[in-house]
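A.B. asks: the following comprises the amino acid sequence and a computationally predicted model.
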Amino acid sequence: MTDVGITSLAVNAVAAAPRRHGTFRRLLRHRSFVIGFTIILLLTLAAVLAPLISSIDPTAMKVRFRFRPPSAAFWFGTDQFGRDVFTRVLYGARISLFVGFAVSVISGICGALLGVIAAQFRRLDGPIMRLMDALMSFPAILLALGIAAALGPRVSSVIIALTVAYIPAGVRIVRAAALTVREMDYVQAAKVSGASSLRIIFRHILPNCLSPLLVHLTFIFAYAMLAEAALSFIGVGIQPPIASWGNIIAEGRDYATQAWWVMLFPGIAISLAALSLNLLGDALGDMLDPRLKGGE
Amino acid sequence: MRKEAGLTRIVAFKLLQAVPVILIISVLAFLLLSLLPGDPATIIAGEQASPAAIEQVRKQLGLDRSFIEQLTIWIFNLARGNFGSSLILNQTVLSAVGERLPVTLSLALLSISFTIPVGVFLGSLAAYFRRSWIDTVVMTVALLGVSLPAFWIAILGVILFSVQLGWVPSSGYAPLSQGFGPWFASIALPALILSLFQIGFLARMTRSAMLDVLGQDYIRTARAKGLGEWHTVGKHALRNALILIITATGILLSAAIGGSVIIEQVFALPGIGRMVVQAIMARDYPLVQGTMLILGFTFVMINLIVDILYTLADPRVRHD
């Protein structure tokens, strides 16, 4: 049994130690960070270099090679049209990672701006937060489903839909952080010395709200990828023949008992990607608030 | 509200805050149709439809009126409890949702009743045995829970438990009126799979909250007083962490309903989620719109109740 009191003292001592090693050095010693970072780096490389890794066209159908089990020629086997599943999973990585990244970046920027505005201009606080409450009243996946369905089945629709669904949480996080930061002495000092409110926002408040947002966005990256896969799986997201991890699983589902490999590998790919991002998020959260977690 | 505000005042304030939210939701749902690229009447009627059929859809949906007129009619209809009618089901949205609600609600509630005890237990366990192998195991399981795509696990689950082992039916729903056994068998697996993400989420949240509480002075005091571990952790710590669970319930319900939209597809359960997806495929946008609206309203109410319960449970909130 661990003595929690002593452990937390130890953790505090570590946190208070002079930062001779930079943040990056400390991250490199963090197991979750190293594992998460390595996996997501490899997946990103695989996505970017897809045409170099596999010379096969992901949409090329060779009926002669239908439902081949995994082999040296077809690492992940082939599907009902004789397409190479390994190549499709590689190209699916491009879509899934792109959607996840785009959603977290765009929702992060919107969330940061709206959150700071709500905290700084008190008259806009009510309207902004009520709008966010309204968006948050829908389960995120259902809101995204509705918007994506209305915008039509395109990659951009999926990105817009998921961005709208995930903005409110970001706004709340930044607003809460900004409300604390704006009461800090240095912000008050800047105000007294006559800095404009734009300068205060961009130089003093925003930079100090970014770390909780960064942690949050790492998780949003994972959630957005899982949600994209789910939307594509039910047919509202990325449409075949463009390969996305979700729609490969949807196509493979009907043959799951005969050709298990079609649905198995893209599922492993999604799981690995989401797992690595969650590990990264945990590690970053740990670094920023060592008091709460102890995953090292 | 510097001093302790009266509970009634807080409840009244929260109720008042919900009014604009409900209005905004109504307008947002109304605007959903205007997102359609091109003419909504043509899209809904289908590309092959005759001009007469398109005109009929236009009239039926009131799209021939001005924007302001449409919005006014929409809000007035909502105020009278009219959420519109489905184009394909020959049914109002409210009755279509009502008919399918028991399926989705059974699924969501059963999954939450798996989630809360398991998630809280695992999270507390990990916090108490922090940095031991128990912590590592529990947190790995929780991490898998929030990382594995539920619909994929669902397909694997069907293959294992229905096709291979034959323990539960692979699809379809048995209403509670057919008896508890068949009902439970028809939704146990989907509910359990729905719980995986939520258990992971709740365990992670409980662990952080418990670590926070366990580091507080009053826990040290309780230990110093010589109170037993069970008393200290069980009574003092968990009780404070429970406040968090109330807050989490709203999020969990939302995640459960959202997740069931996807899971219902895999298990062919005739719930709200399956209806929405079918409505989308059939371009029955009024049904999509109305269903989202009803769910939006429901969650405003749920969040309101959660907020009020939270205020009741945690006296500190009242001092803000």
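C.D. replies: It's in. Numbers count the residues shown, from 1 in each chain, chains lettered A, B, ... in the order given.
A.B. asks: pick out the residue nearest the middle of chain A.
C.D. replies: Centrality entry for chain A: nearest residue to the mean C-alpha point is A:F221, 0.5 Å, by Cα atoms, centre = their mean.
A.B. asks: got a pLDDT number for that residue?
C.D. replies: Note for A:F221: predicted pLDDT of 96.
A.B. asks: again, but for B:P149
C.D. replies: We have a pLDDT of 94 for B:P149.
A.B. asks: what's near enough to touch it?
C.D. replies: A:L226, A:A229, A:A230, A:F233, A:G246, A:I249, A:G267, A:I270, A:S271, A:A274 (Cβ atoms under 8 Å, 6 or more residues apart in numbering or on different chains). (C-beta placed from N, C-alpha, C; glycine too.)
A.B. asks: swap in 7 Å and give it another go.
C.D. replies: By Cβ atoms under 7 Å, 6 or more residues apart in numbering or on different chains, the residues touching B:P149 are A:L226, A:A229, A:A230, A:G267, A:I270, A:S271.
A.B. asks: quickly note the distance from the residue in chain B that chain A sits nearest to to B:L192.
C.D. replies: Closest to chain A within chain B is B:G258: 3.0 Å, counting by Cβ to the nearest Cβ. Distance, B:G258 to B:L192, using Cβ to Cβ, to the nearest Å: 17 Å.
A.B. asks: more crowded one of the two?
C.D. replies: B:G258 (25 against 19; other Cβ atoms under 10 Å in any protein chain shown).
A.B. asks: what sits up against stretch B:285-301?
C.D. replies: Against stretch B:285-301 from outside (Cβ under 7 Å, 6+ apart): A:137-138, A:142, A:146, A:149, B:18, B:21-22, B:25-26, B:29, B:32-33, B:44, B:61, B:83-87, B:89, B:93, B:96-97, B:254, B:257, B:272, B:275-276, B:279-280.
A.B. asks: those, buried ones only, as a PyMOL selection?
C.D. replies: This is how PyMOL selects the buried members of the contacts of stretch B:285-301, with burial counted by 16 or more other Cβ atoms under 10 Å in any protein chain shown:
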select buried, (chain A and resi 137+138+142+146+149) or (chain B and resi 18+21+22+25+26+29+32+33+44+61+83+84+85+86+87+89+93+96+97+254+257+272+275+276+279+280)
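A.B. asks: which of the contacts of stretch B:285-301 fall within helices?
C.D. replies: A:142, A:146, A:149, B:18, B:21-22, B:25-26, B:29, B:32, B:44, B:93, B:96-97, B:254, B:257, B:272, B:275-276, B:279-280 (DSSP state H).
A.B. asks: isn't the residue of chain B closest to chain A up against A:L143?
C.D. replies: No - using Cβ atoms under 7 Å, B:G258 is not in contact with A:L143, being 8.6 Å away.
A.B. asks: the helices in the chain, which residues?
C.D. replies: All of this refers to chain A. Ranges of helices in chain A, per DSSP H, are A:4-16, A:23-28, A:31-48, A:50-53, A:85-120, A:122-136, A:140-151, A:155-181, A:185-192, A:197-199, A:206-234, A:245-253, A:260-288.
A.B. asks: let's do chain B instead
C.D. replies: For chain B, applying DSSP H gives helices covering B:7-32, B:40-45, B:51-60, B:67-79, B:93-128, B:133-147, B:150-157, B:180-214, B:217-224, B:229, B:238-267, B:272-281, B:285-313.
A.B. asks: lowest-pLDDT helix or strand in the chain?
C.D. replies: Went with chain A since none was named. None of the helices or strands of chain A scores lower by mean pLDDT, DSSP states H and E than helix A:4-16, at a mean of 38.
A.B. asks: if you could check chain B rather than the one you did, that'd help
C.D. replies: Result, chain B / mean pLDDT, DSSP H and E: helix B:229, a mean of 74.
A.B. asks: what is that helix packed up against?
C.D. replies: Judged by 3 or more Cβ pairs under 7 Å, 6 or more residues apart in numbering or on different chains; DSSP states H and E, helix B:229 has no packing partners among the helices and strands.
A.B. asks: pick out the shakiest of the helices of chain A, pLDDT-wise.
C.D. replies: Across the helices of chain A, helix A:4-16 has the smallest mean pLDDT, namely a mean of 38.
A.B. asks: check whether stretch A:208-219 contacts chain B.
C.D. replies: No - using Cβ under 7 Å from any Cβ of the partner chain, stretch A:208-219 stays clear of chain B, with a minimum separation of 8.5 Å.
A.B. asks: from the middle of its chain, how far away would that stretch be?
C.D. replies: Centroid separation for stretch A:208-219 versus its chain: 11 Å, with Cα atoms, centre = their mean, to the nearest Å.
A.B. asks: contacts for it next, please.
C.D. replies: A:104, A:108, A:111-112, A:116, A:169-170, A:173-174, A:177-178, A:181, A:277-278, A:280-281, A:284-285, A:288.
A.B. asks: which residues touch the residue of chain A found nearest chain B?
C.D. replies: Residue of chain A nearest chain B, by Cβ to the nearest Cβ: A:P139 (3.0 Å). Taking Cβ under 7 Å, 6+ apart, we find A:P139 in contact with B:S254, B:A255, B:I257, B:G258.
A.B. asks: and the stretch 51-200 of chain B, which residues reach chain A?
C.D. replies: B:129-132, B:143, B:146-149, B:151-152, B:155, B:159, B:163.
A.B. asks: can you lay out those residues as CSV showing distance to B:H236?
C.D. replies: Formatted as CSV, those follow (distance: Cβ to Cβ, whole Å):
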residue, distance to B:H236
B:F129, 18
B:R130, 17
B:R131, 21
B:S132, 21
B:L143, 28
B:V146, 28
B:S147, 33
B:L148, 35
B:P149, 39
B:F151, 41
B:W152, 41
B:I155, 44
B:I159, 46
B:V163, 49
